[in-house]
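# turn this into a structure:
(one chain, ligands or ions: 1)
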Amino acid sequence: MRILNFGSLNIDYVYSVPHILRPGETLAASKMERFAGGKGSNQTVALARAGAAVWHAGCIGADGEFLRDMHREAGVHTEFLRTVEGPTGSTVIQVEKSGENCIIYHPGANHRITAEQIAETLANFGKGDILLLQNEINAPAEIIRAAKKQGMKVFFNPSPITDAVKQYPLELVDCFLVNEIEAAELAGTECDPAAALAEKYPDAEIVMTLGKRGAIWLYQGVRIAAEGFSVRAVDTTGAGDTFTGYYLKALCDGLSTEAALRRACAAAAIAVGRMGAAAAIPAAEEVDVFLAERG
Ligand code: RIB
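Down below sits the predicted model:
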């Protein structure tokens, strides 16, 4: 079983601020740092640091070559990553003292994926392989359809959620990886959104993260929960991506759903204690130690 992540790669410009800006306000940041980011790339790095064999497909501009280098160093297969005209995707991220953030995203090269790139990439994958996808690139609907034609299993993280997501062929998704806001948006209700989503897409597994409260899994009437870990948050950017990569790898390793959720929560808890997205993602050994210390 191989994992293909067709996803975004961003350059994150992270500003440490006393509080997130109010409309019309100008504020001095205590620090500005450049980090490797992008929901797709973060999830790929999490998979690789967890020990998975992962292929990342997507687009960067010439200014994003350091992201390709980072993937190579992490052991990611990069033959489906293209360098195109124009800038790499980028973000402006404010991080306040509590670790909470807000993000402005410019897609850049992430919206330069062509039908030809999709066809050429997916031709290399087949039955039993996994496609992981988020919502920061163009053509997610086309990629979902093409992957299903190849017999792949589709894991979809609809983040950042937009109205357009509801027009994607979501009935083809095998597993939704969502937070509470995304689940509510897709299900159309804030009342037990995970259950409502499971009812709407009865053939799909639902994995819903709950921040520091942990995560739950739902499938055909069965609900499994894992508690979160109490840690001091420095920067929550990329915590959900870390969860996704570690959850998927644990699943591929045959861990029980409960153990996979717990391991993914542990990896995310470590990540929120550090600045940056990809830079904060722990290695598998760190997650082993973290879990061993907590019984
Ligand atoms: O999920 C975190 C990521 O979202 C950041 O790295 C940023 O690039 C945005 O895409």
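# every contact and neighbour count from this point should use C-alpha atoms.
Will do.
# and the closest residue to the ligand within the stretch 151-295 of the chain, what is it in contact with?
The nearest approach of the stretch 151-295 of the chain to the ligand comes at Gly238, 3.9 Å away (C-alpha to the nearest ligand atom). Contacts of Gly238 were listed using C-alpha atoms under 8 Å, 6 or more residues apart in numbering, and they are Gly37, Lys39, Asn42, Ala271, Gly276, Ala277, Ala278, Ala280.
# skipping adjacent residues, who's closest to the fifth one in space?
So that's Gly276. Distance criterion C-alpha to C-alpha, 6 or more residues apart in numbering; nearest residue to Gly276, sequence neighbours excluded, is Phe35 at 5.9 Å.
# which residues of the stretch 51-200 of the chain fall in strands?
54-60, 81-83, 89-95, 101-106, 130-133, 153-156, 175-179 (DSSP state E, counting those that start in this stretch).
# so which of those strands gets nearest the ligand?
The nearest among these, by C-alpha to the nearest ligand atom, is strand 89-95 at 5.6 Å.
# and that closest one, what other elements does it pack with?
Under the contact definition 3 or more C-alpha pairs under 8 Å, 6 or more residues apart in numbering; DSSP states H and E, strand 89-95 sits against strand 10-16, strand 101-106.
# list the contacts of the first one.
Identification of contacts with strand 10-16 by C-alpha under 8 Å, 6+ apart yields 29-38, 41, 64, 88-97, 276.
# what about stretch 149-157, start to end distance?
Its start and end residues considered, stretch 149-157 measures 20 Å (C-alpha to C-alpha, to the nearest Å).
# how about the residues of the stretch 151-295 of the chain by the ligand?
Residues of the stretch 151-295 of the chain found near the ligand (C-alpha under 6 Å from any ligand atom) are Thr237, Gly238, Asp241, Ala277.
# in contact with the residue nearest to Ala250 when sequence neighbours are not counted, which residues?
Distances taken as C-alpha to C-alpha, 6+ apart put Ala260 closest to Ala250, at 5.1 Å, once the chain neighbours are dropped. Shown in contact with Ala260 (C-alpha under 8 Å, 6+ apart): Tyr246, Tyr247, Leu248, Ala250, Leu251.
# quick one: mean pLDDT for the helix or strand the second one falls within?
Same thing as Tyr247. Using DSSP states H and E, Tyr247 maps to helix 239-252. In this model, helix 239-252 has an average pLDDT of 98.
# which strands and helices lie in contact with that helix?
Under the contact criterion of 3+ C-alpha pairs under 8 Å, 6+ apart, helix 239-252 touches helix 39-50, helix 257-271.
# apply 10 Å and report the result again.
strand 3-6, helix 39-50, strand 130-133, strand 175-179, strand 205-209, helix 257-271 (3 or more C-alpha pairs under 10 Å, 6 or more residues apart in numbering; DSSP states H and E).
# can you add pLDDT, neighbour count and distance to Ala264 and give the contacts of Gly238 back as a markdown table?
Shown next, in a markdown table, are the contacts of Gly238 (pLDDT from 0 to 100; neighbours: other C-alpha atoms under 10 Å; distance: C-alpha to C-alpha, whole Å):
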| residue | pLDDT | neighbour count | distance to Ala264 |
| --- | --- | --- | --- |
| Gly37 | 98 | 26 | 19 |
| Lys39 | 98 | 27 | 16 |
| Asn42 | 98 | 30 | 14 |
| Ala271 | 98 | 28 | 11 |
| Gly276 | 95 | 26 | 18 |
| Ala277 | 96 | 28 | 15 |
| Ala278 | 97 | 27 | 15 |
| Ala280 | 98 | 24 | 14 |
